[in-house]
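1. Have a look at this fold, sequence not included:
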């Protein structure tokens, strides 16, 4: 198996197979983030595809220092923001069943906080409480507990400082706790 450096070199030279090997392991994360932001599976699929296209077009500018997952996350996030701003986009509720059909299914055998968050995401009370949070708080909760990002990865992905990420995430958890009471 090739190292990331060699794959990156080949991808920068235009090798589509190297790009796919480098980026496709993160396609599920990209789709889930797009679905979280845009809330509609069709929009999330479009955004995830657009993310990969943008990544392919800009691979020559990728420094590699932040990691592929963080780089793809930033592209996905910006792509979703662009789509979210489109005037023709209308909001539509997504059911838990639609999320499961789209591949958003937690692993039942793991016992860490991320899995606990995912396992309980089908609770109507939890979903309603999360929906009441501001977008930035929902995003941080999803990335930390839904995507399993570390605080450092969250900081790089969102462009915030480590301390700001921690305080915003703590406020989000506190607000969620109040809403669930």
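-> That came in fine, so what should we check first? For clarity, every value in this text was computed on a predicted model and none was experimentally measured.

2. now residue 180, nearest residue through space, not along the chain?
-> residue 129 (5.2 Å; C-beta to C-beta, 6 or more residues apart in numbering). Using the backbone N, CA and C atoms, a C-beta is placed for each residue, glycine as well.

3. again, but for residue 58
-> Nearest-residue entry for residue 58: residue 75, 7.6 Å, with adjacent residues in sequence omitted and distances by C-beta to C-beta, 6+ apart.

4. Go ahead and confirm that neighbour touches residue 57.
-> No: counting by C-beta atoms under 8 Å, residue 57 is not a contact partner of residue 75; they are 10.0 Å apart.

5. okay, these two: which has more neighbours?
-> Legend: neighbour count by other C-beta atoms under 10 Å for residue 75 and residue 57, higher for residue 75 (21 against 9).

6. show me what contacts that one?
-> The neighbours of residue 75, taking C-beta atoms under 8 Å, 6 or more residues apart in numbering as the test, are 51, 54, 55, 58.

7. Can you classify it as helix, strand or coil?
-> Look at residue 75: counting by DSSP: H, G, I helix; E, B strand; the rest coil, its state is helix.

8. measure it to residue 175 for me?
-> 29 Å (C-beta to C-beta, to the nearest Å).

9. One more: residue 13?
-> Distance, residue 13 to residue 175, using C-beta to C-beta: 48 Å.

10. The two: which has the busier surroundings?
-> Set residue 13 next to residue 175 and count neighbours by other C-beta under 10 Å: residue 175 wins out with 16 against 10.

11. Just give the closest residue to the more buried one, not the sequence neighbours.
-> residue 133 (6.1 Å).

12. Got the confidence number for the residue nearest to residue 58?
-> pLDDT recorded at residue 75 is 92.

13. now swap in residue 50 and tell me
-> What the model reports as pLDDT for residue 50 is 93.

14. OK, contacts around it?
-> 79, 83.

15. Where does it sit, in terms of helix or strand?
-> Using DSSP states H and E, residue 50 sits in helix 41-58.

16. next one: that helix to chain centre, how far?
-> Remark: helix 41-58 is offset 12 Å from the chain centroid, using C-alpha atoms, centre = their mean, to the nearest Å.

17. Give me the buried positions along that helix.
-> Neighbour-count burial for helix 41-58 flags 41, 43, 44, 46, 47, 48, 50, 51, 52, 54, 55 (criterion: 16 or more other C-beta atoms under 10 Å).
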